[in-house]
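K.L.:
Provided below for reference: sequence and predicted model.
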Amino acid sequence: MRHFIKLAGLAVLLMAQSCDSNETEAVGKDLLSPKAGLTPSDFKGDNHDCATVSQFGPNSYWTETLVNTAETNFLIQQNNSASNLFGLANVPLYFAGGPGTFNALSYGPPNNFIIWGEDMMRKGLEYGRPAVAYIAAHEVAHQVQFRQGYPSVRGNSNTELEADGFAGYYLRKRYTSTWSNVSAAYNFSQTIGGANGSSHGTPAQRRSALRLGWLLGQYDLTNQRLDYNFFYYYNSYVLPGKGKAPSGAEKPAGISKEIHEYIMTKITELQEINNGEISEEEFTKLN
């Protein structure tokens, strides 16, 4: 029987976030070369509208390596692989070491780079490399949003949830085709959610968004079609209060019959994830 899981970390606000050009400009320094005369703590700013556990701390510093060379190279590879999948040139990646670095920041135009914190990397690795791949793809997804004008549907949590959807899609297309291999990412995603109505979505919303993206990863979709499919199914069926999947449900003309029939078989599962009605053992066994 399905049962409610105890969602750990409800008080922990999400770090893996996006920051728009207005926020970067508020720093008032040359962000194209963040290692030159700039410490990670200078990225705090007063204009961030992102919910975080911590911005980069006052004793943080730029570094060339996070944890060790092997894990740093893995992160770089995932960043570049996600960039390639979504049709971007490799997104510049910078690293912040020291205390107060439980964060990953994606900055928009005109700078278009990502900064990873050491504490974020270590915490992700506690769940395994799939968690690192998940956050890497999530941050690259913000670059897609910045550069191509997504999300197409506005809403308080939509930017972050779509980035989770894109990350789920990436995990299936480029990381592994076996769901059990990415359950660590699924676990990690639920620990870094915010309160209901927060800009980053609740733990359950983050899990269902990642899972929906993973399911859509069975198909080859452009960024535009991934954005469209994600919001159609998430907003029409997954959100609380939406109806169950009716037999022969109508589909928009822009969605293929094959995709629609497949996702309709997964709607109840997605709703139960979103409602917190599925156990860790059960979601690990999903296919």
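P.N.:
Received it, and whenever you're ready, just let me know what you need.
K.L.:
strands of the stretch 51-200 of the chain, start to end?
P.N.:
Secondary structure of the stretch 51-200 of the chain (DSSP state E, counting those that start in this stretch): strands at 61-63, 93-97, 104-107, 113-117.
K.L.:
any regions of the protein where pLDDT drops low?
P.N.:
Applying pLDDT under 70 to the chain flags residues 1-37, 44-54, 189-190, 192-200, 240-249.
K.L.:
compare the strands of the stretch 51-200 of the chain and give me the one nearest Gln55.
P.N.:
strand 104-107 (8.5 Å; CB to CB). C-betas here are computed from N, CA, C, even on glycine.
K.L.:
name every strand pairing with that closest one and say which way it goes.
P.N.:
According to DSSP bridges, strand 104-107 forms sheet pairs with strand 17-19 (parallel), strand 113-117 (antiparallel).
K.L.:
what's the angle between the longest one and strand 93-97?
P.N.:
Translated: strand 113-117. Angle, strand 113-117 to strand 93-97, by axes from the mean of the first three to the mean of the last three CA atoms, to 10 degrees: 30 degrees.
K.L.:
ok, and what's touching strand 113-117?
P.N.:
15, 31, 34, 40, 43, 56, 60, 66, 75, 79, 91-97, 100-107, 139-140, 143 (CB atoms under 8 Å, 6 or more residues apart in numbering).
K.L.:
about what we covered before: show me which of the strands of the stretch 51-200 of the chain has the highest average neighbour count.
P.N.:
A comparison of these by mean neighbour count, using mean count of other CB atoms under 10 Å, puts strand 104-107 on top with a mean of 26.
K.L.:
mind exporting it as PDB, just the C-alpha atoms?
P.N.:
What follows is strand 104-107, C-alpha atoms only, in PDB (Å, rounded to 0.1, in the frame of the first residue of the first chain):
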ATOM      1  CA  ALA A 104      25.000  26.800  -7.200                       C
ATOM      2  CA  LEU A 105      24.300  30.000  -9.200                       C
ATOM      3  CA  SER A 106      23.400  30.400 -12.900                       C
ATOM      4  CA  TYR A 107      23.800  34.000 -14.200                       C
END
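K.L.:
so which of the strands of the stretch 51-200 of the chain is nearest Arg147?
P.N.:
Checked against CB to CB, the stretch from these lying closest is strand 104-107, at 11.0 Å.
K.L.:
make TSV out of the strands of the stretch 51-200 of the chain and add distance to Pro252.
P.N.:
What follows is the strands of the stretch 51-200 of the chain, written out as TSV (distance: least, CB to CB, whole Å):
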stretch	distance to Pro252
strand 61-63	47
strand 93-97	37
strand 104-107	30
strand 113-117	33
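K.L.:
of all these, which one is nearest Lys285?
P.N.:
strand 104-107 (29.5 Å).
K.L.:
centre of the chain to that closest one, how far?
P.N.:
Distance of strand 104-107 from the chain centroid (CA atoms, centre = their mean, to the nearest Å) equals 11 Å.
K.L.:
wait, which of the strands of the stretch 51-200 of the chain is closest to Thr191?
P.N.:
Nearest to Thr191, of all these, is strand 104-107, at 14.4 Å by CB to CB.
K.L.:
ok, now which ones touch Tyr234?
P.N.:
Leu161, Gly165, Ser208, Ala209, Leu212.
K.L.:
what sits against Gln95?
P.N.:
Not Gln; residue 95 is Phe. Trp62, Thr63, Glu64, Thr65, Leu66, Thr72, Ile115, Trp116, Gly117, Glu118.
K.L.:
distance check, the first one against Gly201.
P.N.:
This points to Trp62. Trp62 sits at a distance of 30 Å from Gly201 (criterion: CB to CB, to the nearest Å).
K.L.:
also the second one?
P.N.:
Remark: distance between Thr63 and Gly201 (CB to CB) = 30 Å.
K.L.:
is it correct that Ile183 is in contact with Phe283?
P.N.:
Actually, residue 183 is Ser rather than Ile. Yes: using CB atoms under 8 Å, Ser183 is in contact with Phe283, at 6.8 Å.
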